[in-house]
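# Here is a sequence together with a model predicted from it:
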Protein chains: 2
Amino acid sequence: MGPDEFQTLLRFFKALANESRLKMVGLLAGREYSVEELAALLQLKEPTVSHHLSILKELNLVQLRPEGNTHWYQLDREALHNVNRSVFDTEQIAGLVKDVEADAWERQVLSNFLSGERLKEIPASRKKRWVILKWLVSQFDLGVTYPEANVNEIIKRHHPDCATLRRELIGYQMLQREHGLYWRQPEAEWKFA
Amino acid sequence: MGPDEFQTLLRFFKALANESRLKMVGLLAGREYSVEELAALLQLKEPTVSHHLSILKELNLVQLRPEGNTHWYQLDREALHNVNRSVFDTEQIAGLVKDVEADAWERQVLSNFLSGERLKEIPASRKKRWVILKWLVSQFDLGVTYPEANVNEIIKRHHPDCATLRRELIGYQMLQREHGLYWRQPEAEWKFA
DNA sequence: CTTCTAATTAGATACAAATTGAAATAGAAG
DNA sequence: CTTCTATTTCAATTTGTATCTAATTAGAAG
């Protein structure tokens, strides 16, 4: 389900999210009504009813049968049923929002805490610290072993407190240490908890 | 389905008839999100997201799982499914509007053309004339035979043109005539066409 | 206890939609 | 052709809702 269908679905909900229109759908499910009759039943003026009917008509929810001056409207059950199926197949709901960028939040955290290559401060909350550390560890190359002095130097390019950040990287197992040598771990090995 | 359920249904449509909320439902169908994350993903401020979530929450469309300061929300598929069933069973839709008075239009026609017991004018359109004649024939008693002079007299209480009205009553077979005597027909015998 | 973080609530503003009276249109009737 | 009726279109008003900033609450961490 793509963005087009999302907009269609949205228009459908907007159409039925109105007391007068929802009542009209209920009435028209029973039998045909003219604009005049609907206006009387719903206590509205004809122009108002006509406006609502045009909205339902655009979505093919109602059908029009002209007879002289009178326009008879009735519900198109088939159209209603089609929308039903496409809406409430819960498997598809998740696909509605393909256009929402999945990592927007992480990019926002980065842009909040970074000033160019410089880390303005270390986030206090674990969730955000995680995002920053992911970025920080990407400054190291995979498959390369670094002596501690080298690690500190790289971190200091971005923030003065290299001790804390190094400890955090180890804690989340983004960086691994053995015999005073450090190397970057693949993402699968990181531990959030 | 009574008026309460109608209002619930209406609130449901209103809840989903909003681009931000519909996207949220789509996202939350996939996994849990915090308010902060949703705000970033949808490019909204946290208070706005909070407001939308409260609307979805009132309808039990989403569930809240607090964890420290973070509030994790996710979709309640069950609730969504329940609404689905109650909505699109088209047999029930007609019942939604029990509260709409079925004869509101006819009563309006009567009040437009009557001034007390007096008929202000004879409606030109067939639909409305039918309503007026139904009322007029109710002035006669069932099972009683009236001579023409008597019929005219009764009609003249409401409108001077008793000839036209008498002819119309006969035409629609609301009144029956034989050998100069008239009597009222039961409603089943009337002919609209 | 104080500080910080995430979420909610309150108040204000701006945008979108519902409703209506008046005017225009299309068809029926005289 | 003119008149009348039902509907629709148009313009203007009102109502309602989404969104924001600022202030408040509840929980965590120092």
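Nice, I can see it.
# What does the pLDDT read for A:R85?
Looking at A:R85, its pLDDT is 74.
# secondary structure element for it?
Assessed by DSSP states H and E, A:R85 sits inside helix A:77-88.
# quick check: angle from that helix to helix B:77-88?
170 degrees (axes from the mean of the first three to the mean of the last three CA atoms, to 10 degrees).
# In PDB, please show the C-alpha coordinates belonging to helix A:77-88.
Output in PDB follows, covering the C-alpha atoms of helix A:77-88 (Å, rounded to 0.1, in the frame of the first residue of the first chain):
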ATOM      1  CA  ARG A  77     -22.600  -1.000  -0.700                       C
ATOM      2  CA  GLU A  78     -20.000  -2.500  -3.000                       C
ATOM      3  CA  ALA A  79     -17.700   0.600  -2.800                       C
ATOM      4  CA  LEU A  80     -18.100   0.600   1.000                       C
ATOM      5  CA  HIS A  81     -17.100  -3.000   1.200                       C
ATOM      6  CA  ASN A  82     -14.000  -2.500  -1.000                       C
ATOM      7  CA  VAL A  83     -12.700   0.200   1.200                       C
ATOM      8  CA  ASN A  84     -13.400  -1.900   4.200                       C
ATOM      9  CA  ARG A  85     -11.200  -4.700   3.000                       C
ATOM     10  CA  SER A  86      -8.300  -2.400   2.100                       C
ATOM     11  CA  VAL A  87      -8.500  -0.600   5.400                       C
ATOM     12  CA  PHE A  88      -8.700  -3.200   8.100                       C
END
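# Quick one: list the elements packing against that helix.
helix A:3-16, helix B:77-88, helix B:90-93 (3 or more CB pairs under 8 Å, 6 or more residues apart in numbering or on different chains; DSSP states H and E). (Glycine included, C-beta is placed from N, CA and C.)
# These into TSV, with extra columns for distance to B:L114 and mean neighbour count?
Converted to TSV, the helices and strands packed on helix A:77-88 look like this (distance: least, CB to CB, whole Å; neighbours: other CB atoms under 10 Å in any protein chain shown):
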stretch	distance to B:L114	mean neighbour count
helix A:3-16	37	17
helix B:77-88	41	15
helix B:90-93	34	15
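# Would you mind saying which of those helices lies nearest B:T145?
Closest of the helices and strands packed on helix A:77-88 to B:T145 is helix B:90-93, at 46.1 Å (criterion: CB to CB).
# So which residues on chain A come close to DNA strand C?
A:14, A:18-21, A:44-45, A:47-48, A:51-52, A:55, A:66, A:68-69, A:124-125, A:127-128 (CB under 7 Å from any atom of the strand).
# Which ones among those lie within strands?
Judged by DSSP state E, strands contain the following of these: A:P66.
# Return a selection command, for use in PyMOL, containing the buried ones of the residues of chain A next to DNA strand C.
To isolate the buried members of the residues of chain A next to DNA strand C in PyMOL, using 16 or more other CB atoms under 10 Å in any protein chain shown:
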select buried, chain A and resi 14+18+21+44+52+55+128
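# Out of the residues of chain A next to DNA strand C, which are close to DNA strand D?
A:47, A:51, A:69, A:124.
# Need the helices and strands packed on helix A:77-88 in a markdown table (columns: distance to A:D76).
Below are the helices and strands packed on helix A:77-88 laid out as a markdown table (distance: least, CB to CB, whole Å):
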| stretch | distance to A:D76 |
| --- | --- |
| helix A:3-16 | 13 |
| helix B:77-88 | 14 |
| helix B:90-93 | 11 |
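# these two touch, right, A:F192 and A:G171?
No. Look at A:F192 against A:G171 with CB atoms under 8 Å: they stay out of range, at 10.5 Å.
# Those two: which has the busier surroundings?
A:G171 (11 against 8; other CB atoms under 10 Å in any protein chain shown).
# Would you mind measuring from the residue lying farthest from the centre of chain A to B:S125?
Largest separation from the mean C-alpha position in chain A: A:G68, at 49.0 Å (CA atoms, centre = their mean). Counting by CB to CB, to the nearest Å, the gap from A:G68 to B:S125 is 10 Å.
# low-scoring stretches of chain A, by residue?
A:1-3, A:86-96, A:98-100, A:193 (pLDDT under 70).
# where do the helices sit along chain A?
Assigned by DSSP state H, the helices in chain A fall at A:3-16, A:19-28, A:35-42, A:46-58, A:77-88, A:90-93, A:104-113, A:126-137, A:148-156, A:162-171.
# List the residues that contact A:A40.
For A:A40, the contacting residues are B:104-105, B:108, by CB atoms under 8 Å, 6 or more residues apart in numbering or on different chains.
# Please parse chain A into its domains.
A:3-97, A:104-189 (automatic domain parsing).
# Identify, out of the ones you listed, the most deeply packed stretch.
Mean neighbours per residue, mean count of other CB atoms under 10 Å in any protein chain shown, is largest over the domains of chain A for domain A:3-97, with a mean of 17.
# What are the phi and psi values at the residue farthest from the centre of chain A?
phi 60, psi -130 (degrees, to the nearest 10).
# is stretch A:106-119 anywhere near chain B?
Yes. Using CB under 8 Å from any CB of the partner chain, stretch A:106-119 reaches chain B at A:Q108.
# start to end distance for that stretch?
With CA to CA, to the nearest Å as the measure, stretch A:106-119 spans 15 Å from end to end.
# What distance do you get for A:I154 to A:F140?
Plainly put, A:I154 is 7 Å away from A:F140 if you go by CB to CB.
# Need the residues touching each of the two.
Common contacts of A:I154 and A:F140, defined by CB under 8 Å, 6+ apart, comprise A:Y146.
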